[in-house]
Every structure is written in structure tokens, then in C-alpha cells.
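# Sharing a model prediction with you, sequence too.
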Amino acid sequence: MPGVPPSRFAYLGPPGSFSEAALRRLPAARRGTTIPVSSIPDALDAVRDGDVDAALVPLENSQEGSVPVTLDGLVDGAPLLITAEVVLPVTFVLAVASKSTPVDRVVSHPHAIAQCRSWLRRHYPQATLGEVLSTSAAATAVANGTEPACVCSPLAAEQRGLTVIATDVGDGDRAATRFALVSRPGPAGPPTGNDVTSLVVYISHDKVGALESVLTQLSVRGVNLTRIESRPTGERLGRYSFYLDCAGHINEPGLGEALMGLRRVCADVRFLGSYPRDGDDGPVPAPIGLARHDFADAVTWLRGLREAGA
Ligand SMILES: O=C(O)C(=O)Cc1ccccc1
């Protein structure tokens with residue numbers, strides 16, 4: 001129902017995951033019902049099927065880059081829109097069921113394993129590393145006695161009564177993960193002056209300079225590109241789509257014009273949403289002639305020429 005704020009939220013569970021911690025940063029989610037699901041595709045399907053209003057899924061982190069299963073899940077299937085982002089600082093602990101358990105295997109979410117790999121190699125070189133669907137699922141497996149040790153959040157360990165044998169086992173000092181709140185399509189919220197627009201573009205592979213012309217559509221309108229990432233389309237070897245995060249909002253003239261330009265030069269464009277940027281990074285100043293008021297002035301000028309010739 002348009003205009004009704006989301007009230008049922010899916011997240012990658014079980015409880016105690018970083019996704020739950022990120023979801024709890026959103027006031028609407030704190031007022032609503034939060035529902036743990038066991039995988040990222042399940043979270044996105046719950047939105048597509050109408051079982052929930054929105055889902056919070058991890059998008060990228062500072063050590064490992066993007067979460068491919070989320071990127072692929074956003075473009076395969078019925079359209080979904082990102083309506084908010086949450087940037088969450090993450091710290092990891094190494095936990096066991098009891099202090100006497102030998103740490104010969106450590107399980108966690110693939111991105112948590114990747115973010116702790118050097119530490120684990122240094123301190124437990126003999127341990128094998130295993131991947132499960134989330135850090136909190138890893139903690140549950142340790143609590144059940146299915147796995148000997150896990151990397152998870154301090155909260156997930158505490159909730160399950162695990163023994164923490166090391167804290168801050170991440171390889172980066174300022175590790176953070178960016179999460180996306182995803183809903184079924186609808187009108188974007190109003191611009192805040194510090195927004196992100198996410199897109200996927202498909203370029204024509206038989207045209208020289210196809211990617212350059214994508215970047216040109218942005219740069220000539222003063223649109224700052226904050227992330228670009230390629231993913232195989234799955235059609236055949238060598239076919240890639242490009243995920244773009246741009247500074248700006250679809251309802252702003254510069255970004256709107258850039259979108260129209262991309263529509264003209266790309267084989268296809270999928271709009272993934274315009275939403276407020278989370279975190280400390282403010283917008284970079286627009287180049288001369290490409291600020292919001294410059295676009296508004298140019299529109300007024302052209303309208304005058306068309307209507308009155310001057
Ligand atoms: O597994 C979790 O807790 C998640 O929410 C995914 C994740 C994994 C590692 C870092 C950040 C998010």
C-alpha cells in the first residue's frame with residue numbers, strides 16, 4: 001500500500017547477527033516486527049513474495065568488498081529498490097562452547113572468515129575454516145556442539161552462553177559493513193542533499209568505449225561515482241554488468257539527466273534506488289556550472305527560449 005511505512009522486516013538471522021544489529025539502527029524497524037530468515041536470497045524472496053515489507057541485507061564491507069549473493073539477488077528476479085542504507089562498524093570475537101575445546105576448526109559467514117583470516121592463520125594455523133550462512137548461525141552451531149569454534153559478534157556469543165577466547169580478531173581496525181534496506185518498488189523518498197543512487201548498467205560489449213561513455217554521462221552532469229563493481233551476467237564468459245553507486249538523488253536534475261543519458265547509451269539500466277547516505281562522508285562540491293541551481297537556471301532559460309524566443 002503506497003504511503004504506509006514498512007512494519008515487517010526480514011533480516012539474515014538467527015538473532016545476534018550483524019544484520020539484526022544494523023536493522024535495529026532504523027527507527028521504523030525498532031517500532032515494527034523483525035523476522036530472522038536463514039539466507040540472503042530468502043530475505044529478498046520474502047520481500048518479493050509480500051511476506052514482509054522490507055529486508056535488511058549486507059551489501060559490502062571494508063575488507064572484502066561486495067557481497068556477491070546480495071548484488072546478484074538484487075538483479076535476478078522481480079525488481080526491488082533500496083530505500084535506506086546502514087553502515088555498521090563490526091568487531092569479531094572467537095568463541096567456543098567451553099574453554100577446553102580444541103580450536104581445530106572455525107566457522108562463520110564467508111565475509112567474517114575473510115575479515116579474520118590473517119588473525120586466524122597467525123593464532124590457529126592448524127585450524128580449518130568453514131563457511132555457514134551467518135555469524136549468528138555459526139554461534140548456534142557452536143552452542144549445539146555441531147562445530148568447535150566460531151567467529152561472531154560479541155552479542156551472538158553472549159546470547160548463547162559461549163566462552164569468548166579472543167576479542168577483536170578482525171584484520172582491520174576500522175572494519176565496517178554497509179547494509180541495504182530493500183523494498184518492493186515505489187516512489188523514492190525526498191532528496192536529503194546527501195543521497196546515494198544505485199544502478200546496474202549493461203553495456204554493449206561490441207562498442208569501443210562503451211564503459212567510458214557510461215562514466216561520461218555521469219561526469220558531464222557533475223555526478224560523483226562512489227562505487228563501481230563488475231559482475232558476470234551469467235550469459236557467457238566475458239559478459240559483465242556494472243554496479244554503480246552515484247552521489248545524488250533521482251529527483252535532482254543532474255542525476256535525472258544522467259539517468260536519461262545512460263538509458264540512451266546502455267543496452268539496459270536497472271535503477272536500484274535513491275536513498276540517504278549513512279556515515280560521515282558529505283557530498284563533494286559540484287564542479288562549476290553543475291550545481292543544482294545551475295541545472296534549474298538552465299531549465300528556466302530553455303523554457304523561456306522555447307516559449308518567447310528570449
Ligand atoms: O552473518 C552476519 O551476522 C551478517 O549479518 C552478515 C555479515 C557477516 C560479516 C560481516 C558483516 C555482516
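Okay, I see it. These figures come from a predicted structure and were not determined experimentally.
# Name the residue closest to the centre of the chain, please.
In the chain, the C-alpha nearest the mean C-alpha coordinate belongs to residue 59, at 2.4 Å (C-alpha atoms, centre = their mean).
# where does it land in three-state SS?
When classified by DSSP: H, G, I helix; E, B strand; the rest coil, residue 59 comes out as strand.
# That one against residue 66, yeah?
Yes - between residue 59 and residue 66 there is a contact at 6.7 Å, judged by C-beta atoms under 8 Å. (Glycine included, C-beta is placed from N, CA and C.)
# if you go through the stretch 101-250 of the chain in chain order, where are the helices?
110-123, 135-144, 154-159, 210-219 (DSSP state H, counting those that start in this stretch).
# Could you tell me the end-to-end distance of stretch 130-140?
14 Å (C-alpha to C-alpha, to the nearest Å).
# now the biggest helix by length in the chain, how far from the centre of its chain.
Secondary structure of the chain per DSSP state H: the longest helix is helix 292-308. With C-alpha atoms, centre = their mean, to the nearest Å as the basis, helix 292-308 stands 37 Å off its chain's centre.
# What of stretch 283-302?
Per C-alpha atoms, centre = their mean, the centroid offset for stretch 283-302 relative to its chain is 29 Å.
# now do stretch 95-112
For stretch 95-112, the distance to the chain centre is 27 Å (C-alpha atoms, centre = their mean).
# Chain neighbours aside, what residue packs nearest to residue 94?
Nearest non-adjacent residue to residue 94, counting by C-beta to C-beta, 6 or more residues apart in numbering: residue 166, 4.3 Å away.
# Could you do residue 143 as well?
Residue 143 sits nearest to residue 160 (C-beta to C-beta, 6+ apart), 4.0 Å away.
# Residues of the stretch 151-300 of the chain that sit close to the ligand?
Within the stretch 151-300 of the chain, the residues that sit near the ligand (C-beta under 6 Å from any ligand atom) are residue 177.
# Surely the residue nearest to residue 143 is in contact with residue 16?
Yes - between residue 160 and residue 16 there is a contact at 7.4 Å, judged by C-beta under 8 Å.
# list the residues that contact both of these two?
residue 139 (C-beta atoms under 8 Å, 6 or more residues apart in numbering).
# Have a look at the two and say which one is more surrounded.
residue 16 (24 against 21; other C-beta atoms under 10 Å).
# and the spatially closest residue to the more buried one that is not a sequence neighbour, how many neighbours does it have?
Nearest non-adjacent residue to residue 16, counting by C-beta to C-beta, 6+ apart: residue 156, 3.3 Å away. Around residue 156 there are 30 other residues, counting by other C-beta under 10 Å.
# so what's residue 156 scoring on pLDDT?
Residue 156 is assigned 97 on the pLDDT scale.
# Identify the residues contacting residue 135.
Counting by C-beta under 8 Å, 6+ apart, residue 135 touches 16, 17, 18, 92, 108, 109, 112, 150, 151, 152, 153, 156.
# mind listing which of those residues are in strands?
Mapping those onto strands (DSSP state E) picks out 108, 150, 151, 152.
# Out of those, which is nearest to residue 200?
Comparing these against residue 200 with C-beta to C-beta places residue 108 closest, at 28.7 Å.
# Per-residue pLDDT of the closest one, please?
98.
# Kindly report the same for residue 4.
64.
# out of everything not next to it in sequence, what's closest to residue 137?
residue 14 (6.1 Å).
# Is it correct that that neighbour is in contact with residue 36?
Yes - judged on C-beta under 8 Å, residue 14 makes contact with residue 36 at a distance of 5.1 Å.
# Show me the domain layout of the protein.
The record assigns the chain these domain ranges, following automatic domain parsing: 92-169, 188-310.
# Of the ones you listed, flag the one that's most buried.
Burial of those is given as mean neighbour count (mean count of other C-beta atoms under 10 Å); domain 92-169 ranks first at a mean of 19.
# Quick one: distance of that one to the chain centre.
How far domain 92-169 lies from its chain's middle: 24 Å, per C-alpha atoms, centre = their mean.
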